[in-house]
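In: Here is a sequence together with a model predicted from it:
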Amino acid sequence: MKIHFYNHTGQIGGAERVLLTILAGVDRTIIQPVVICPEPGPLRKLIMELGVPVERSAVLNARFTWRPDRALRYLQSFARVILQLRTQIVRFDPDLIHANSVRAGLVATAATIGLRKRIVWHIHDVLPRHPFNLLIRLVALASRRTRIVAVAQAAADRFIGSFRPLKQRVTVIPNGIDVARFHPDLTARRKIRSELKLNEGERVIGMVGRLSPRKGQLELLRVFPELLRKCPNTALVIVGSPAFNREDEYAQLLDQTTKELGISDRVRMLGERDDVAAVLQALDLLVVNSATEACSLVVLEAMACGTPVLATKTGGTAEVIEHEQCGWLVPVRDEKALASAIIKLIGQPDLRARLAENGRQRVASHFTVGRQMSEFQNYYLHGAAKFPVATTEVQPAQAEAKFA
């Protein structure tokens with residue numbers, strides 16, 4: 001079975017990490033993968049290291065906007081990428097196309113009109129609320145060749161919205177973690193703490209992820225002085241770098257805020273790391289302060305490492321973490337609740353230990369990469385292979401009429 005994986009960006013985010021996991025785990029004796037993605041960014045190199053063929057695509061520059069001049073440029077970018085992808089699909093003739101985002105799904109669906117190709121949209125995020133959502137749902141519904149895989153039920157529910165017939169098109173396959181790589185490791189803990197000049201008596205809070213307003217690093221910095229007043233022997237470690245849009249400006253704001261609050265001596269900004277599994281070992285508490293998450297990889301990784309997790313109750317996070325049992329949940333964008341929960345957990349090592357052990361068992365029983373790959377391979381071979389590929393597409397006006 002030949003599967004083309006199309007990714008609209010060459011940068012690395014959570015969706016791309018999941019893609020790499022799938023490419024590494026798929027059975028090559030049954031499935032022949034080829035990836036199509038833009039050249040700028042590190043993704044192509046990592047894919048080639050897995051021994052998977054990579055084809056170059058044009059960069060997709062498209063975002064929702066009300067400005068006519070920008071909208072025209074974005075439409076031109078869509079058209080250019082669609083035409084190029086269509087040429088590649090005709091040439092390689094895959095059995096299935098795995099589009100690794102909503103944008104990739106829109107492109108792949110448009111590029112294959114009339115080609116009788118099955119398309120799977122892999123949804124990694126909870127769809128944000130904006131006027132473009134109606135068009136996204138109409139495109140997904142209008143093409144009988146399109147199916148959806150979501151990483152969490154929350155992501156599936158938001159994508160479906162009030163379009164109930166879409167429910168039959170959607171399958172939930174949660175992300176999985178390699179527990180052979182992410183597991184408790186005291187040696188790694190001592191090594192990283194030594195590198196960061198942190199002794200065992202210090203309580204270390206950490207955040208791991210892209211530097212982005214959506215991830216909430218700024219809010220944690222704002223409450224950190226209060227944490228230091230209540231728990232003076234505390235350090236904060238922030239791992240990650242900007243990747244998309246105007247996130248460089250956000251990174252500069254984080255540096256500026258750290259200096260203005262006078263906490264530079266207690267904060268380590270580590271940038272991008274390729275040893276996240278080891279860094280997680282060094283933490284006494286991982287904080288995930290995101291505005292939205294579907295199935296957060298870093299939450300699963302920390303839990304697998306035996307590191308307790310404090311996260312915002314948003315999206316699919318509550319599907320992973322049972323509050324006060326295998327982690328701790330707080331409301332989104334509630335700095336008071338965030339600070340209070342951190343102080344509570346930092347001050348109760350027995351509670352942290354219980355959450356950590358329960359979290360590790362939760363991942364081992366429900367969120368392994370073996371389970372994820374088994375479900376995906378079964379979906380490719382038995383689920384996706386059966387849905388229709390008729391060239392007659394349902395027109396958007398007809399689809400919309402069903403919900404009038």
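Out: Sure thing, it's come through.
In: can you pull out the strands in the stretch 301-404 of the chain?
Out: 309-312, 328-330 (DSSP state E, counting those that start in this stretch).
In: which helices and strands does the last one pack with?
Out: For strand 328-330, the packing partners by 3 or more CB pairs under 8 Å, 6 or more residues apart in numbering; DSSP states H and E come out as strand 309-312, helix 335-346. Any C-beta I mention is one placed from the backbone N, CA and C, and that applies to glycine too.
In: any chance you could map the helices in the stretch 101-250 of the chain?
Out: Using DSSP state H, counting those that start in this stretch, the helices of the stretch 101-250 of the chain run over 102-111, 133-142, 153-160, 186-195, 217-230, 247-260.
In: what's the least confident stretch among those helices?
Out: Mean pLDDT is lowest for helix 133-142 out of these, coming in at a mean of 90.
In: What residues of that one count as buried?
Out: By 16 or more other CB atoms under 10 Å, the buried positions in helix 133-142 come out as Asn133, Ile136, Arg137, Leu138, Val139, Ala140, Leu141, Ala142.
In: Can you check what angle separates it from helix 153-160?
Out: Angle, helix 133-142 to helix 153-160, by axes from the mean of the first three to the mean of the last three CA atoms, to 10 degrees: 90 degrees.
In: just the CA coordinates of helix 133-142, formatted as PDB?
Out: Extracted C-alpha coordinates of helix 133-142, given in PDB (Å, rounded to 0.1, in the frame of the first residue of the first chain):
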ATOM      1  CA  ASN A 133     -14.600  26.900  10.200                       C
ATOM      2  CA  LEU A 134     -17.800  26.700   8.200                       C
ATOM      3  CA  LEU A 135     -15.800  26.400   5.000                       C
ATOM      4  CA  ILE A 136     -13.400  23.800   6.500                       C
ATOM      5  CA  ARG A 137     -16.300  21.600   7.600                       C
ATOM      6  CA  LEU A 138     -18.100  22.000   4.200                       C
ATOM      7  CA  VAL A 139     -15.000  21.000   2.300                       C
ATOM      8  CA  ALA A 140     -14.500  17.900   4.600                       C
ATOM      9  CA  LEU A 141     -18.100  16.900   4.200                       C
ATOM     10  CA  ALA A 142     -18.400  17.700   0.500                       C
END
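In: so how far is it off the chain centroid?
Out: 22 Å (CA atoms, centre = their mean, to the nearest Å).
In: got any ranges where the stretch 251-400 of the chain has weak pLDDT?
Out: Within the stretch 251-400 of the chain, the ranges that satisfy pLDDT under 70 run 385, 389-400.
In: can you count the residues close to Lys167?
Out: A total of 12 residues lie near Lys167 under the criterion other CB atoms under 10 Å.
In: Just the strands from the stretch 1-150 of the chain, written as ranges.
Out: Counting by DSSP E, counting those that start in this stretch, the strands of the stretch 1-150 of the chain are 2-6, 32-38, 54-57, 96-99, 118-123, 146-150.
In: right, so the helices of the stretch 101-250 of the chain: which one is the most enclosed?
Out: Among these, helix 102-111 has the highest mean neighbour count (mean count of other CB atoms under 10 Å), at a mean of 24.
In: got the contact list for it?
Out: 6-8, 60, 62, 78, 81-83, 85-86, 89, 97, 99, 119, 121-123, 125, 127, 136, 139-140, 143, 145-146 (CB atoms under 8 Å, 6 or more residues apart in numbering).
In: do stretch 263-276 as well
Out: Applying CB under 8 Å, 6+ apart, the contact partners of stretch 263-276 are 192, 196, 208, 221, 224-225, 228, 234-241, 254-255, 258, 279, 298, 301.
In: what's the burial count for Lys197?
Out: By the criterion of other CB under 10 Å, Lys197 has 9 neighbours.
In: I'd like the distance between it and Gln281.
Out: 16 Å (CB to CB, to the nearest Å).
In: cool, and Lys191?
Out: 9 Å.
In: Could you do Ala291 as well?
Out: 27 Å.
In: and if you look at Trp328?
Out: 19 Å.
In: same question, Glu293
Out: Separation of Glu293 from Gln281 (CB to CB) stands at 22 Å.
In: Same check on Arg17?
Out: Distance from Arg17 to Gln281, by CB to CB: 19 Å.
In: So the two - more neighbours on which side?
Out: When Arg17 and Gln281 are compared on other CB under 10 Å, the one with more neighbours turns out to be Gln281, at 24 against 15.
In: So the more buried one sits against Cys305, correct?
Out: Yes: counting by CB atoms under 8 Å, Gln281 touches Cys305, with 5.7 Å between them.
In: so what sits against both of these two?
Out: Each of Pro184, Asp185 lies in contact with both Gln281 and Cys305 under the rule CB under 8 Å, 6+ apart.
In: Can you report how many residues neighbour Glu202?
Out: Around Glu202 there are 15 residues (other CB under 10 Å).
In: and it, what is it in contact with?
Out: Taking CB under 8 Å, 6+ apart as the contact definition, Glu202 lies against Asn233, Thr234, Ala235.
In: If the second one is in a bridge, with which residues?
Out: Thr234 has the following beta-bridge partners by DSSP bridges: Arg203.
In: Test my guess that it contacts Gly206.
Out: No: counting by CB under 8 Å, Thr234 sits too far from Gly206 to count as a contact (11.3 Å).
In: Between the two, point out the one with more neighbours.
Out: A side-by-side neighbour count of Thr234 and Gly206, using other CB under 10 Å, places Gly206 first with 24 against 19.
In: pull the longest helix from this structure.
Out: In terms of residue count, the longest helix belonging to the chain (DSSP state H) is helix 68-92.
In: Nothing else from me, thank you.
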